[in-house]
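**Student:** Got a sequence here, can you model it:
(one chain, ligands or ions: 1)
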Amino acid sequence: MAQIILDHISKRFVADGRNVDALKDISLEIEKGEIYGIIGMSGAGKSTLVRCLNYLEKPTDGKVFIEGNELGSLKERQLREKRRSIAMIFQHFNLLMQKTVLDNIVFPLLIQGEKKSAARQRAKELLQVVGLTEKEKDYPSQLSGGQKQRVAIARALASNPHILLCDEATSALDPQTTQSILRLLRQINQEYGITIVMITHQMDVIREICEKVAIIEQGRVVESGYVEAIFNHPKSDAGRRLIIGDAAAGSQLGAGQPEEGQLEKPEERNRMETEVIFRIVFTENSAFEPVIANMILHIGEPINILRADTKNVNGIAKGEMLLGIPEHRRREIENYLTEKGLEVEEVDRHVQ
Ligand SMILES: Nc1ncnc2c1ncn2[C@@H]1O[C@H](COP(=O)(O)OP(=O)(O)OP(=O)(O)O)[C@@H](O)[C@H]1O
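**Tutor:** Have a look, this model is predicted:
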């Protein structure tokens with residue numbers, strides 16, 4: 001049995017006499033030790049989903065099972081106990097600003113009934129895990145965003161959770177700090193076997209750290225499965241939008257009508273109408289420049305590189321490209337790239 005099971009969860013809010021269906025019939029299973037991503041645009045229902053997962057919000061319909069226990073059937077005390085195995089970190093860290101770094105970790109342990117000396121000992125160990133031993137006497141205001149999130153992670157680990165829910169945990173951080181926090185989360189997942197649920201609107205975060213992902217849109221799961229499979233072949237509109245983005249739509253080719261007063265050159269219009277966009281996925285650890293360069297030499301015509309992007313997917317370098325291809329050479333180019341072992345798909349230039 002999966003460690004986390006959401007079984008036909010729906011959540012309806014009533015606000016100003018109006019019904020808001022934040023979650024509609026969501027079913028998901030997350031196995032122990034997985035890093036599972038939940039991604040969606042703002043308002044999709046991610047925060048509501050994560051709050052239903054630990055019953056901070058009671059679903060209107062459906063059941064949540066954590067390690068075999070249906071949360072709706074637990075008494076308040078049992079639910080509190082269960083929640084101790086589900087820790088959470090947030091976008092804005094939620095640290096106690098009047099307490100030192102060490103006391104931020106000690107405090108929840110004391111509330112749980114731990115003795116002061118044992119709590120301090122445990123807090124010091126956790127500060128070592130997150131690499132902040134030297135900051136124990138500092139106050140949160142003296143720390144950078146990344147350091148604050150490390151304190152929050154240490155605090156989350158204090159109760160020896162089995163599950164860590166990360167609600168937009170890297171959204172307030174710069175890309176480099178995001179990377180270091182994701183590395184720390186992966187280390188925690190591997191060393192302690194803690195299941196991690198990453199709630200985010202950032203596809204990069206999912207690609208970097210998650211094995212599986214569910215894409216939610218308007219309260220529904222529109223696509224779920226292995227990150228690599230979804231990343232390579234997004235099927236839902238929301239998935240395509242998140243993964244391929246509006247690079248095609250926003251590119252010079254997909255920009256649509258020229259603005260008023262901005263005349264297109266005839267040759268430019270001709271080029272726009274006779275180009276198709278290919279999305280190329282590098283599923284193996286290969287350097288892509290020679291393939292593309294050789295292809296250009298092979299066909300003897302320039303092509304447009306609209307986007308080139310390589311990512312680290314579960315430790316393996318992967319990449320994708322969007323190419324503007326002369327329409328009359330499309331089959332030839334497709335065959336050439338496919339023979340080289342690349343995945344090629346034609347992308348609607350108005351994907352958005
Ligand atoms: N307490 C509430 N009362 C009424 N409506 C709510 C409440 N909480 C959330 N909603 C609505 O439910 C929908 C989903 O909100 P939710 O915060 O879960 O989305 P989200 O994907 O986390 O978005 P964001 O990333 O912007 O936080 C939104 O339409 C929101 O306005």
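
**Student:** Please make it C-alpha for all contacts and neighbour counts, starting now.
**Tutor:** Will do.

**Student:** Centre of the chain to stretch 31-49, how far?
**Tutor:** Relative to the centre of its chain, stretch 31-49 is centred 8 Å away, using CA atoms, centre = their mean, to the nearest Å.

**Student:** and it, which residues are buried?
**Tutor:** For stretch 31-49, burial by neighbour count (16 or more other CA atoms under 10 Å) applies to 32-41, 44-49.

**Student:** got the domain boundaries for the protein?
**Tutor:** Listed by the TED database, the domain ranges of the chain are 2-239, 272-347.

**Student:** tell me how far the ends of the first one are from each other?
**Tutor:** End-to-end span of domain 2-239 (CA to CA, to the nearest Å): 25 Å.

**Student:** Among the buried residues of stretch 31-49, which are located in helices?
**Tutor:** 46-49 (DSSP state H).

**Student:** Of the buried residues of stretch 31-49, which ones also sit close to the ligand?
**Tutor:** 41, 44-48 (CA under 6 Å from any ligand atom).

**Student:** Now stretch 153-163 - C-alpha only, PDB.
**Tutor:** Only the C-alpha atoms of stretch 153-163 are listed here, as PDB (Å, rounded to 0.1, in the frame of the first residue of the first chain):
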ATOM      1  CA  ILE A 153      14.300  22.300   7.300                       C
ATOM      2  CA  ALA A 154      16.200  21.500  10.500                       C
ATOM      3  CA  ARG A 155      13.100  22.400  12.600                       C
ATOM      4  CA  ALA A 156      10.900  20.200  10.300                       C
ATOM      5  CA  LEU A 157      13.300  17.300  10.800                       C
ATOM      6  CA  ALA A 158      13.200  17.600  14.600                       C
ATOM      7  CA  SER A 159      10.100  15.400  15.100                       C
ATOM      8  CA  ASN A 160      11.600  12.600  12.900                       C
ATOM      9  CA  PRO A 161       9.000  12.900  10.200                       C
ATOM     10  CA  HIS A 162       8.300  10.200   7.600                       C
ATOM     11  CA  ILE A 163       7.000  12.800   5.200                       C
END
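
**Student:** Can you tell me what sits against it?
**Tutor:** 84-89, 104-106, 108-109, 122-123, 126-127, 129-130, 164, 193-197 (CA atoms under 8 Å, 6 or more residues apart in numbering).

**Student:** before we move on, the earlier item: got CSV for the ones in helices among the buried residues of stretch 31-49, with pLDDT too?
**Tutor:** Rendered in CSV, the data for these read as follows (pLDDT from 0 to 100):
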residue, pLDDT
46, 93
47, 91
48, 94
49, 94
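
**Student:** Rebuild those as TSV, extending it with distance to residue 179.
**Tutor:** Below are these laid out as TSV (distance: CA to CA, whole Å):
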residue	distance to residue 179
46	22
47	22
48	26
49	25
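
**Student:** The stretch 101-250 of the chain: helices as residue ranges?
**Tutor:** Ranges of helices in the stretch 101-250 of the chain, per DSSP state H, counting those that start in this stretch, are 101-111, 116-129, 145-157, 175-192, 203-209, 227-232, 237-243, 247-250.
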